[in-house]
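[1] Turn this into a model:
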Amino acid sequence: PKLFGGGGGVINFASTEVWDALQTIINEACDIFQSSPYIHLGADEANLNGLDQQQEYIDAIARYDVGDIHGLFNYFISHLDDDIKARGKKTVVWEGFFYWLTGNARMNPDVMVMMFDNAKSPQAYIDAGHKVINASWNPLYIVGFEGRGFGCPAHWIYRWDRSQFHGYHNYPMTWERTKINPLVPSDDIIGAQMCSWEMWEWIQIARLRFRIAPYADRIWNPGNTNDLAHFEARYNSTDVLLDYVLAEHRPPDAPIHVGASDGFYEDKIRVGWGDGGNYPRKYALYRNTTRNSATATLIAENMPKTTTSHEDTNVKRGQTYYYWVKAENKWGW
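    Purely as a prediction, here's the structure:
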């Protein structure tokens, strides 16, 4: 523990003892994951504030002639990259380091970069010599316990390709308004990664199931010109088999976390919900102007199981509406 207490939530990367310890850990990781060509170092969200006021870091910055704390960080990661290359593997890190530094402070250009919230330009990393991996928050992140978190719907993922880098926005309110940063497709964008965080293991399948397929289709068939209806027809014909494998012999649980965009849009209301469990096959949406589900009107039916939202455009300004969602599988509603 004494080696890794660097302050600010980062390890003490000014210490050569830490460098030696990490080389040992990296070698052990390479021995375990022999078939993998990659070692991922993380290196994201490192809080470097105030470290340049500590004497050990001041001395290290001067020793390696790297200019400042960011130069020392780059030099440190590059040193680990040298260790990884010596084992015949490639280094991957998250975005975040300063790519424009020069001399000893320049990050080794063979370090590959995963772009997640695109606070820095993907093209700038490429111009600095790095290969990049698209891991954009939108639409590739699925985050949050129980369904209260973020996760773009399948049809949005199907419109994406790995040359489109999207910024950070919360779903369901603003995902379609996310700023898109499209790059010219190139071999420098070597792939993409869908990221699933902060969820219990027993809801992973429900969260990933409808998103993995369009993601894989866009990754492996970037030149595919089929429309969404063609994809959904192919997908539904195979995914139905999972219903029989996964679902218990009972109706699905009620949809969870039903919510609506109160006043957010001028001409519509977006209603969103989460999968309550036991693998529904379709959804139905009801609406009323009073809080009474018994007299509510059916406004959308047979919505496929990949659906997690509906846009109600038959609305009047100033009117309050109430919504209910029902789920169905082969054993009932």
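[2] In stretch 59-79, which of the residues would be classed as buried?
    Burial within stretch 59-79, assessed by neighbour count using 16 or more other CB atoms under 10 Å, is assigned to 60-61, 64, 66-67, 69-79. C-betas here are computed from N, CA, C, even on glycine.
[3] D239: which of the residues you listed is nearest?
    For the buried residues of stretch 59-79, the minimum distance to D239 (CB to CB) is 41.2 Å, reached by I77.
[4] List the contacts of the helix or strand of the chain with the lowest mean pLDDT.
    Here the helix or strand of the chain ranked lowest by mean pLDDT, DSSP states H and E is strand 150-151, holding a mean of 74. Defining contact as CB atoms under 8 Å, 6 or more residues apart in numbering, one finds that strand 150-151 is touched by 137, 141-144, 170-171, 207, 211, 308.
[5] Report all helices and strands that the helix or strand that that strand is followed by contacts.
    Going down the chain from strand 150-151, the next helix or strand is helix 154-158, by DSSP states H and E. On a contact count with 3 or more CB pairs under 8 Å, 6 or more residues apart in numbering; DSSP states H and E, helix 154-158 meets helix 137-140, helix 204-220, helix 228-246.
[6] quick one: the strands in the stretch 1-150 of the chain?
    Here the stretch 1-150 of the chain has its strands, by DSSP state E, counting those that start in this stretch, at 38-42, 90-94, 112-115, 132-134, 141-143, 150-151.
[7] circling back: is it possible to get TSV of the helices and strands packed on helix 154-158 that adds mean neighbour count and mean pLDDT?
    Formatted as TSV, the helices and strands packed on helix 154-158 follow (neighbours: other CB atoms under 10 Å; pLDDT from 0 to 100):
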stretch	mean neighbour count	mean pLDDT
helix 137-140	25	87
helix 204-220	17	87
helix 228-246	12	85
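[8] Out of these, which is closest to D127?
    Nearest of the helices and strands packed on helix 154-158 (CB to CB): helix 137-140, 22.4 Å.
[9] List only buried entries from the contacts of strand 150-151.
    Buried subset of these (neighbour count, 16+ other CB under 10 Å): 137, 141-144, 171, 207, 211, 308.
[10] For L183, state which of those residues is nearest.
    W137 (16.4 Å).
[11] Test my guess that the closest one contacts D117.
    Yes. Under the criterion of CB atoms under 8 Å, W137 is in contact with D117, at a separation of 5.3 Å.
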